[in-house]
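Undergrad: how would this look folded up:
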Amino acid sequence: MAKKKIVSKTRRGNNEGSIYQRQDGLWVGMVSLGYDDNGKQKRKAIYGKTRIEVSKKLAELTNRINSNNYEYVSQNTLSVLMKEWLMVFKKSQVSPRTFENNIARFKNHIELKIGGMKLDEISTLTIQKMLNEMLEQDLSLDYVKKTKFLLGQFFEYAVDNKFVLTNPVNKVKVKSQEHKIYRKNEYKAIPVDIRKQFIESLNEHTFLKPFCYVMMFAGLRTGEALALEWQDIDFENKLLRVERGMTNVPKFDNNGKVISRQLVIGDTKTVCSKRTVPMPDILVEALKEYFNKQKQKQSKLGISFTDNDSFVFCNDEGNLRTYSGTKKIFYTFLKSHNLQKYHIHFHTLRHTFSNTLFEADQNPKVIQSLLGHKDVKTTITTYNSVDKSYFNKATNIFNEQYKVEEKKQTDFDNLSDDELIEQMRELEKQIAKRKKKQKDFEM
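TA: The predicted model follows:
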């Protein structure tokens, strides 16, 4: 009968390198990384709570070492590797505007704080500290979450290509809700008591009046207003169709730096932004008045200003207006009418549209559709500012339901001497009763 072969428990399996257990109970594995220029062996330690855990990590590390990427990754920092990923992969996956935001997050935060580290030096704790610091700098929760998401995408790419064993972003925690600090100038719409002054001031400006009206009374974004064509205006049914938007598309060099911008007419911001908006009479009349003036200019200059495919708010050459040029005209107007102190900008007009509807207790879902928002939460949290009128309105609800009766105050000047003596006697009786009760209580 053949003897049974006994295998020592200390014998190493394939790809295990050298594994041993320390006195504190932690398991350690050593693997060779080759030799340096002086012929000295380079080794790397792997730690784990069990022998199996260390064995698995060593196997994964050995696979990485055997891949062609290991030397490249070990010699470069996060900054180099993530920038390459952004330019090669991310740039082709997102819009130019989104990519510009991604590059900004990378350069202003990720590269600045952890860009000099090697990938295997970056832990969950490292990333958690970085994101915590961003929140402490009063950066918005949404901005911090998007930074975390971008970093998580890069490390997923790094794991897939065996740059690292695991994604350290997976266990990073960011709070789910944002608690904003109230600021005095947080009201984003034009103050109610200033709206009439603003509208009256616009009467003096042929172009700005209808342009501001489509944002203030139809809720359009600036790019949507600039991209409007006359075929989008239905005067008979008092409807305005939002079909497209204007945007500045950036172009980048090999390092992700913006080298130029180009005006482009394309799709709206989101699919939900394509919409048909009913026009109030004040907007219809302003656009009709502007159309007639443009028609007169067309006859005089011979330029198409009112054709179906003509831009409603084109410049004097019949071309698309730039955002920067339009903004300059608007700020000059504000200054000339002493309105700049109210910090009004184009998006303030869109906020005024939404706030006017909220002030009239309109359904948030209706307002969401009119604004072209994908999520009603955006409509409620961002486009619903509050001012004193909201608080007064809320307080009046309680005043109506819980009316407090006013106490009648006796007018002693109108009492006769006999009536006054009678009042004094009644008061004396009340005082005597109180004294008796007090005495009984003390006994």
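Undergrad: Now do L357: how many residues are near it, please.
TA: 20 (other C-beta atoms under 10 Å). C-betas here are computed from N, CA, C, even on glycine.
Undergrad: For the helix or strand hosting it, buried residues please.
TA: Assessed by DSSP states H and E, L357 sits inside helix 346-359. By 16 or more other C-beta atoms under 10 Å, the buried positions in helix 346-359 come out as 346, 348-359.
Undergrad: Give me the angle between the helix or strand just after it and helix 346-359.
TA: Next helix or strand after helix 346-359 toward the C-terminus (DSSP H and E): helix 364-371. Relative orientation of helix 364-371 versus helix 346-359 (axes from the mean of the first three to the mean of the last three C-alpha atoms, to 10 degrees): 150 degrees.
Undergrad: what packs against helix 364-371?
TA: strand 275-278, helix 346-359, helix 376-382 (3 or more C-beta pairs under 8 Å, 6 or more residues apart in numbering; DSSP states H and E).
Undergrad: which one of those lies closest to H109?
TA: Proximity to H109 (C-beta to C-beta) singles out helix 376-382 among the helices and strands packed on helix 364-371, at 23.0 Å.
Undergrad: show me the contacts for K327.
TA: By C-beta atoms under 8 Å, 6 or more residues apart in numbering, the contact set of K327 is H345, F346.
Undergrad: does it belong to a helix or a strand, and which?
TA: Per DSSP H and E: K327 is located in helix 323-336.
Undergrad: G29 too?
TA: Following DSSP H and E, one finds G29 within strand 27-35.
Undergrad: Let me know the next secondary structure element after that strand.
TA: Assigned by DSSP H and E, the successor of strand 27-35 is strand 41-48.
Undergrad: Spatially central residue in the protein, please.
TA: What sits nearest the mean C-alpha location of the chain, by C-alpha atoms, centre = their mean, is D142, with 5.2 Å.
Undergrad: and that residue, what pLDDT?
TA: pLDDT recorded at D142 is 90.
Undergrad: now do the one 5 residues further on
TA: T147 is assigned a predicted lDDT (pLDDT) of 96.
Undergrad: Pretty sure D234 sits against V277.
TA: No: the criterion here is C-beta atoms under 8 Å, and D234 misses it with V277 at 10.5 Å.
Undergrad: Now the common contact residues for those two.
TA: L240, R241.
Undergrad: Which of those two has more residues huddled nearby?
TA: Shown here are D234 and V277; by other C-beta under 10 Å, V277 has more neighbours (21 against 14).
Undergrad: show me where the stretch 201-350 of the chain has helices.
TA: Applying DSSP state H, counting those that start in this stretch to the stretch 201-350 of the chain gives helices spanning 208-216, 222-226, 281-301, 323-336, 346-359.
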